[in-house]
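**Q** Predicted model and sequence follow; I will ask about them next.
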Amino acid sequence: MTTPNVLIVGAGPTGLINALTLLRNGISVRIIEKQDSFQLGTRGCGMQPRTIEMYKLLGILPDLLEVKTDPFPLVKFSSPQGDDEEGKVIPMVERIENTPSRPYNTGYMLMQERQEHLLRTRIEKDYGVTVELSTELSSFEEYEDHVIAHIIKHVPNAGEKTEETVKVDFLVGADGGRSTVRKQLGLPFVGDDSESLKEIGMVAGDIEALEGTLDQKVWRMWGDTTSNMLSLRPCAIPDKTHLNFFIGGADVNLEKVASNREELVNAIHAITGRDDIKFGKVINLGIWRPNIRMTSSFGEGRVFIAGDAAHVHSPTGGQGMNSGVQDAINLGWKLALVSKNLSPPSILTSYTAERVPVIATMLSKTTELFHKTFQPASPEKMAEGWRRGYELRMFGVNYRKSGITLDEKYSYRADEAVDPYRSGDDGTVRAGDRAPDAPKLSPVGQTNATTYTTFLDLYNPAYHTILVFADPGRNREAIETILETIQGLPSSKEIIKTIVVLPQTSSSANDASTSSADMVLLDTEGYAYKHYDVTGDSQQPTVFIVRPDGFIGGLVFGVEGIKKYFGLMLKL
């Protein structure tokens, strides 16, 4: 077996997204998973709009659109034996029209089982890399320029195993809340140990509903946690009628309900007051209790953790899997640059510096929702807990105070607080923010180009995209100097794409000053200049440097700013 650059421990969404990010950057990976079969069931299913954009960035959005489901309406029954017409619809997720800046304004549902299958299929199809089941990390040693990992491969049902030692450049632990990697790193996993949390629990899992007994287009809920509560949500798997369930409340004996299928079905019938709902096999069944924890560091040296290995929390708000995706991409593009010897290892410290404030804020938000939902002071508070605020769509997640961002337009005092979950509400676009989209961009001078493109079509996890907002009619010399500077950067053709964005009123579309850019776009309807808050008559170019993860790394006004930004990023 060829020695990989990166060993990824864990084949959930976080590990797979990290693998795909690295592979898109030309970095070889090996993915191991200690389970002897792939995960079945629902688990994380809410895909937030920002995650949809990440899927587009990675080139797998078409795969998602083939299998996704729109969010189900949540219908709450105040008493047993009610049919769907008697239930009250709770506006859990407001459907918001897409906009030119945010073309995916409402999330999708995709069961984790299907998401992982989608990612594994894409990785194998594009790169020939498969997940190694029944393979676990037992220990590792870290050295200055490599990591030695000790792996055990088990033979399922045979009690046999073989041991292997592998040398890699980096090790990534995406191995869940009980992470072997985190434990060996000695990173404290601290959080809420309050007695009130320990008292809360639910029986959760997936069960087959026999066809015809329940409409598969509605998420149903009965009761509340003051006595007993039941949730039945369709899993939206083709040709299957599986339901995801959770049962909890003060009057529920969790151990009894979780002991076998008969007790589970009896509990469902008792809470609903309906015995006409017929069930088949149980896919999975267990007791879930809240565990709200995170580490203060997401890695050291050449070993890192991501997703549940670094933070676990309440599922309320649908942030967990989505946060793991952002961990994976944030870490992936940085590992790629260091692996190619283009960036110093010091940029890897930005992974912890950027993600920890975001995750800490996310834990606070999801914990607040959890208490409103499962420890409600009133039915009104419980209903409030099921409503998802706009910030949970994750557009506002930002790295404004990151040490590897550069902003020549806005500045912050050292003691000035920045909400890691809210950017753009003030109408500004700053370094560290999500890079907005813009449609109706017309490629100039490309005979084979499509009529229009968008920024989200062009951003890519393998390179920085430099947007030069300028008009040759006003900024010809400055454009030429900027493009020459970019061409002089190390491996500029490999890791940088330069796009000159002309204003809607430009009459200099084919000017020679832009000839060395990778692309020239005419902002035919003004969305690009509007969304990036740039005026079309500016006397100097405005340059946005969009990172491989779709965040703005630099907002500068000329060559010195470009040099300074890449001085933070590359070995110049």
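**A** Noted; the coordinates are in hand.
**Q** buried set for stretch 134-148?
**A** Buried residues in stretch 134-148, counting neighbours by 16 or more other Cβ atoms under 10 Å, are found at 134, 135, 136, 137, 140, 142, 147. Backbone N, C-alpha and C define where each C-beta goes, glycine included.
**Q** Please identify which pair of those residues lies farthest apart.
**A** Spanning the widest gap among the buried residues of stretch 134-148 are 134 and 142, at 25.2 Å by Cβ to Cβ.
**Q** Where do the helices of the stretch 51-200 of the chain begin and end?
**A** Using DSSP state H, counting those that start in this stretch, the helices assigned to the stretch 51-200 of the chain run over residues 61-67, 112-127, 180-185, 195-198.
**Q** pLDDT of the last one, averaged?
**A** This points to helix 195-198. When pLDDT is averaged over helix 195-198, the result is 56.
**Q** which residue ranges form the strands in the stretch 401-550 of the chain?
**A** Counting by DSSP state E, counting those that start in this stretch, the segments of the stretch 401-550 of the chain that form strands are 406-407, 441-443, 464-469, 496-502, 519-523, 542-546.
**Q** Out of the buried residues of stretch 134-148, which is nearest to residue 6?
**A** residue 147 (9.4 Å).
**Q** Surely that closest one and residue 299 touch.
**A** No - here residue 147 does not reach residue 299: they are 11.5 Å apart, not a contact under Cβ atoms under 8 Å.
**Q** Identify each buried residue in stretch 10-28, please.
**A** 10-25, 27-28.
**Q** which element is residue 370 on?
**A** helix 349-374 (DSSP states H and E).
**Q** Which secondary structure elements does that helix sit against?
**A** Counting contacts by 3 or more Cβ pairs under 8 Å, 6 or more residues apart in numbering; DSSP states H and E, helix 349-374 is packed against strand 292-294, strand 311-312, helix 320-339, helix 379-385.
**Q** got the buried residues for the third one?
**A** Judged by neighbour count using 16+ other Cβ under 10 Å, the buried positions of helix 320-339 are 320-339.
**Q** just for the stretch 251-400 of the chain, where's the confidence low?
**A** Along the stretch 251-400 of the chain, the model assigns pLDDT under 70 to residues 316-318, 372-389.
**Q** For the residue most central in space within the chain, list the residues it contacts.
**A** Geometric centre of the chain, nearest residue: residue 325, 2.9 Å, by Cα atoms, centre = their mean. Counting by Cβ atoms under 8 Å, 6 or more residues apart in numbering, residue 325 touches 13, 14, 17, 51, 54.
**Q** Just name the closest of those to residue 164, please.
**A** Proximity to residue 164 was ranked across the contacts of residue 325 by Cβ to Cβ; first place goes to residue 14, at 23.4 Å.
**Q** got CSV for the strands of the stretch 401-550 of the chain, with distance to residue 207 and mean pLDDT too?
**A** Output for the strands of the stretch 401-550 of the chain, formatted as CSV (distance: least, Cβ to Cβ, whole Å; pLDDT from 0 to 100):
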stretch, distance to residue 207, mean pLDDT
strand 406-407, 51, 96
strand 441-443, 48, 94
strand 464-469, 46, 98
strand 496-502, 49, 96
strand 519-523, 51, 95
strand 542-546, 45, 98
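**Q** can you list these in TSV and add mean neighbour count and distance to residue 365?
**A** Shown next, in TSV, are the strands of the stretch 401-550 of the chain (neighbours: other Cβ atoms under 10 Å; distance: least, Cβ to Cβ, whole Å):
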stretch	mean neighbour count	distance to residue 365
strand 406-407	21	26
strand 441-443	20	34
strand 464-469	25	30
strand 496-502	24	35
strand 519-523	23	35
strand 542-546	24	27
